[in-house]
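Chemist: Attaching a predicted model along with its sequence, questions to come.
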Amino acid sequence: MEDPIKSKIQSTSKETRQDILGRCLTYLCIGLIVAIVLSIFIFVASKGIATFTVNKASLWEFLTGKNWNPTVTDASGKPQLGALPMITGSFGVTILAVIFATPFAIGTALYMTEVSSKKGEKILQSVIELLVGIPSVVYGFIGLSVIVPFVRTHFGGSGYGILSGSFVLFVMVLPTVTSMTVDSLRAVPRYYKEASLALGATRWQTIYKVLLRSATSGILTAIIFGMARAFGEALAVQMVIGNAAIMPKGLLSSASTLTSVLTMGIGNTVMGTVGNNALWSLALILLLMSLIFNIVVRLIGRKGRMD
Amino acid sequence: MGTKLQNNIAITIIRVIAALVVLILVLLLGKILIAGVPHISWHFLTAPSQSFESGGGIGVQLFNSIYLLVLTLIISFPISLGAGIFLSEYAPKNFFTAVVRMSIEVLSSLPSVVVGLFGFLLFVVQFQMGFSILSGAVALTFFNLPLLTRNIEESLRAVPNLQREAGMALGLSKWRTVTKIILPEALPGIITGVVLGAGRVFGEAAALIYTAGQSATNIDFGNWNPFNSASPLNLLRPAETLAVHIWKINSEGVMPDAAAVSAGSSAVLIIAVLIFNLLARVLGNSLYRKLTATK
């Protein structure tokens, strides 16, 4: 005869069973997310590598060639797959946008954390939230109707080009960099500031010699995040950059980025052709770049912790 | 130059920069609203779009955007809720959790074009579903998952540990503690995050061009049978959203009033995003008051 108390204690209770079920559910959800990320990488990589394995294009020529014309074959019978114009375009708009945005972002962040009253801080907080919320096509449309004519009349050229692209991206990157800079400035211990002020330093000296220096790794992280956003932005840039897959001759001539060629091209090429595979290789470059940005952020974070 | 003067100059520059940023936003919003709001009329919001003549509306696109948003939230909320609970309550400190956190970070920083292309490859090409609302909703889910998960995790983490200990002390299982005590308390934060995320999803276009497609088929608003191809609820019809519509008419549109239609559509998008932002704040606050009995 089994002891009823013993069996009651030893058997799994309803609570425990519920807990196990719940735990499994959460594992399932998280597993799904990991599976999605893995499959994105596997799918895009397998498609992107096909240019080099199936179509036998050389990786070096792909990265450094200046002629992008997948439907035309050159003397040796290979299609012209030089992605350098797009790579240059992408890096060009990204770097310029970040150069424009960083001083504004740091200035605004300093205003919010050091200079302004509580009310001014609240106003800027909502300004930044609104800027984040504006959809990228709307930025593109404004770029098309305001920035392109502005660049055309004040700088010359057709108005389409890297300069217009980086102006649009400047506004899009600004809120990201600003809000992350604010976070890193707030993370500086209060007594750093108090010690500096007690030594008789002015507000600016405290900001410049103490706050900005101890927040450097956070600010760098913010800038890298801004770069990642600018690099991956597709439609807003595509609308103002002119979409000519040639080496950009300057900031004012039509150019293209990796994302703009992708958005224009995927619908117009047939799956499995050289032209289509080459586009997937561009997507792979985008994917790898976003991975690199992630790794850089991690490295900066690690270095920042050691100080 | 005296340090005092230097200080004054620097502080002034900082003030000027902050003022410029506010000015940029005011100019942007002013430009969109002034150019767009006069075009918004009941006809504009409800009429189907025209490809070659002026006078078209955005009725179908607007419906598609809202429908797609609802579908995306239905798919992504349960998944990110589970993932968020895992990360804040169950996650052991080991290699697996580190991998999970990293993949969420990577997913959130992937360019939305790449996410859209993956959706295209998987659903449109591999599963032969064609351009459809369902493919679009799943692509948007990929895009929305990392944000939502992080938001839910943070909201759950903000609940004091005392509550968990109290649950344990009463003999409740961890699962019951989480679902009955922690989750209700974190709800205002979660709702705020969901609504803000909804604003982002509503304006997203790059992930949709090759998943939900760029054509708005005529739909019959009298037919609500989801299996009929003309029904608004049909999951397998191609669906151009408002954001995609703006992109499309600006890059390849031939209609004579493209600028007016895009100005009007941009204004509608912006107003929708403003409403989402406001809603997030109001809902979060009122829920918080209701659930915590604070005045």
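Modeler: Structure received.
Chemist: for residue 201, helix, strand, or coil?
Modeler: Went with chain A since none was named. For A:A201, the secondary-structure state derived from DSSP: H, G, I helix; E, B strand; the rest coil is coil.
Chemist: For it, give me its contacts.
Modeler: Residues in contact with A:A201 (C-beta atoms under 8 Å, 6 or more residues apart in numbering or on different chains) are A:209-210. All C-beta spots, glycine's among them, are computed from the backbone N, C-alpha and C.
Chemist: pLDDT value on it, please?
Modeler: As predicted, A:A201 sits at a pLDDT of 89.
Chemist: Packing partners of the strand or helix carrying A:L25?
Modeler: Here A:L25, judged by DSSP states H and E, is contained in helix A:14-53. Using 3 or more C-beta pairs under 8 Å, 6 or more residues apart in numbering or on different chains; DSSP states H and E as the contact criterion, the elements in contact with helix A:14-53 are helix A:59-64, helix A:274-306, helix B:59-85, helix B:95-109, helix B:112-119, helix B:133-157, helix B:174-177.
Chemist: Can I get those helices in JSON lines including mean neighbour count?
Modeler: Below are the helices and strands packed on helix A:14-53 laid out as JSON lines (neighbours: other C-beta atoms under 10 Å in any protein chain shown):
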{"stretch": "helix A:59-64", "mean neighbour count": "14"}
{"stretch": "helix A:274-306", "mean neighbour count": "18"}
{"stretch": "helix B:59-85", "mean neighbour count": "21"}
{"stretch": "helix B:95-109", "mean neighbour count": "16"}
{"stretch": "helix B:112-119", "mean neighbour count": "26"}
{"stretch": "helix B:133-157", "mean neighbour count": "24"}
{"stretch": "helix B:174-177", "mean neighbour count": "20"}
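Chemist: With distance to A:P149 and mean pLDDT as added columns, please give these in CSV.
Modeler: Output for these, formatted as CSV (distance: least, C-beta to C-beta, whole Å; pLDDT from 0 to 100):
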stretch, distance to A:P149, mean pLDDT
helix A:59-64, 35, 76
helix A:274-306, 30, 84
helix B:59-85, 27, 90
helix B:95-109, 33, 88
helix B:112-119, 27, 88
helix B:133-157, 32, 91
helix B:174-177, 60, 88
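Chemist: As CSV, the ones you listed with distance to B:I190 would be great.
Modeler: What follows is the helices and strands packed on helix A:14-53, written out as CSV (distance: least, C-beta to C-beta, whole Å):
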stretch, distance to B:I190
helix A:59-64, 45
helix A:274-306, 26
helix B:59-85, 8
helix B:95-109, 17
helix B:112-119, 23
helix B:133-157, 5
helix B:174-177, 17
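Chemist: just so I know, which of those helices lies nearest A:P70?
Modeler: Judged by C-beta to C-beta, the one of the helices and strands packed on helix A:14-53 that comes nearest to A:P70 is helix A:274-306, at 3.5 Å.
Chemist: Would you tell me whether the one helix or strand A:T181 maps to gets close to chain B?
Modeler: Counting by DSSP H and E, the element that carries A:T181 is helix A:162-186. Yes. Contact of helix A:162-186 with chain B (C-beta under 8 Å from any C-beta of the partner chain) involves A:171, A:174, A:178.
Chemist: Pipe the residues you listed into CSV and attach pLDDT per row.
Modeler: Shown next, in CSV, are those (pLDDT from 0 to 100):
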residue, pLDDT
A:V171, 91
A:L174, 93
A:T178, 93
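Chemist: just the buried members of the residues you listed?
Modeler: Neighbour-count burial within the residues of helix A:162-186 next to chain B applies to A:171, A:174, A:178; the criterion is 16 or more other C-beta atoms under 10 Å in any protein chain shown.
Chemist: Tell me who's in contact with B:W247.
Modeler: A:137, A:140, A:235, A:239, B:205, B:209.
Chemist: Can you pull the phi/psi pair for B:P232?
Modeler: phi -60, psi -30 (degrees, to the nearest 10).
Chemist: follow-up on the earlier one: the helix holding A:T181 packs against which elements?
Modeler: Looks like helix A:162-186 contacts helix A:84-110, helix A:118-133, helix A:136-142, helix A:148-155, helix A:216-232, helix A:235-241, helix B:3-36 (3+ C-beta pairs under 8 Å, 6+ apart).
Chemist: picking that back up, any idea which of the buried ones among the residues of helix A:162-186 next to chain B is closest to A:V54?
Modeler: Nearest to A:V54 among these: A:V171, at 41.2 Å, using C-beta to C-beta.
Chemist: related to what we said a few turns ago, now the helix holding A:L25 and helix A:274-306, what's the angle there?
Modeler: 130 degrees (axes from the mean of the first three to the mean of the last three C-alpha atoms, to 10 degrees).
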